[in-house]
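Trainee: would you be able to build a 3D model of this:
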Amino acid sequence: MKGKKLYIKADSIFSKLYADHPKLNIDERQNSYDEYLKILRASAYKGYPEAQYNLAQHYDDIGYWGVPNPYYNPRKKFYWYSKAASQNHFDALNNLANMYEKGEFCQQNIRRALELYEQAAKSGITYMKNNYKLLLKQIEQGKYKLEDEPFSII
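Mentor: As a prediction, this is how the structure comes out:
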C-alpha cells in the first residue's frame, strides 16, 4: 500500500522520540518531531490511512508533554480524519462522528454522526459500539432530533 514504508519510518522516529524523551533537550525533541512530521505528512499524502489518522491527531486539541498543542487546527483535523474515514479507518470514523455530533468545525449533524458511529461500531471495538449506542439513546430521549439536517462544512 502506498505510503506504508514511510509510515513505518515515521512511527519508528516517534517511538524513539518517546523512549529517548528524558535524554533529549528541547531542540533535539523538536528536531525529531519535525522529522517525524515531515515523513508522516508524506505518507498521509500518499494515501496511507493510518498516517492520515495520525496526522489528524497531530492537529487535534490534545497536548504533548503536558503543554497545550501548538499545532491545533480544527480545519486540518477535520480534513485528515475525513480522508482516513473514507478508507474505513475505524478510529477516524469515530472521531469524525464526534466532530459532527459536537459541531466542531462543521455544522452539527446528528444524522451524519450516527452514520459514522454506526460504521465505526462495526469494528467490534467496545468504546465505538458504546458511542453509537449512547447517541441512539440520546436521540430516543429527545436530546437530539433527526430531522432533515443540512450537510455542510464551515
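Trainee: packing partners for the longest helix anywhere in the chain?
Mentor: Assignment by DSSP state H gives helix 26-45 as the longest helix of the chain. Contacts defined by 3 or more CB pairs under 8 Å, 6 or more residues apart in numbering; DSSP states H and E place helix 26-45 against helix 4-20, helix 49-58. (Glycine included, C-beta is placed from N, CA and C.)
Trainee: nearest to residue 34, of these?
Mentor: helix 4-20 (10.0 Å; CB to CB).
Trainee: send me that closest one as CSV with only the CA atoms.
Mentor: Only the C-alpha atoms of helix 4-20 are listed here, as CSV (Å, rounded to 0.1, in the frame of the first residue of the first chain):
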residue,chain,number,x,y,z
LYS,A,4,3.2,2.3,4.3
LYS,A,5,7.0,2.3,4.3
LEU,A,6,7.1,6.0,5.0
TYR,A,7,4.6,5.5,7.8
ILE,A,8,6.7,2.7,9.4
LYS,A,9,9.8,5.0,9.2
ALA,A,10,7.8,7.9,10.8
ASP,A,11,6.4,5.6,13.5
SER,A,12,9.9,4.4,14.5
ILE,A,13,11.1,8.0,14.8
PHE,A,14,8.1,8.8,17.0
SER,A,15,8.6,5.7,19.2
LYS,A,16,12.3,6.6,19.6
LEU,A,17,11.4,10.1,20.4
TYR,A,18,9.2,9.0,23.3
ALA,A,19,11.7,6.4,24.5
ASP,A,20,14.5,9.0,24.5
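Trainee: what about the residue lying closest to residue 21 once chain neighbours are set aside, how many residues close to it?
Mentor: Distance criterion CB to CB, 6 or more residues apart in numbering; nearest residue to residue 21, sequence neighbours excluded, is residue 29 at 6.8 Å. Other residues within reach of residue 29, judged by other CB atoms under 10 Å, total 17.
Trainee: confidence score at residue 29?
Mentor: Per-residue pLDDT puts residue 29 at 87.
Trainee: so it sits right up against residue 18, yeah?
Mentor: No: counting by CB atoms under 8 Å, residue 29 does not reach residue 18; the two are 10.0 Å apart.
Trainee: could you measure from the residue nearest to residue 21 over to residue 126?
Mentor: For residue 29, the distance to residue 126 equals 34 Å [CB to CB, to the nearest Å].
Trainee: and for residue 136?
Mentor: In terms of CB to CB, residue 136 sits 16 Å off from residue 126.
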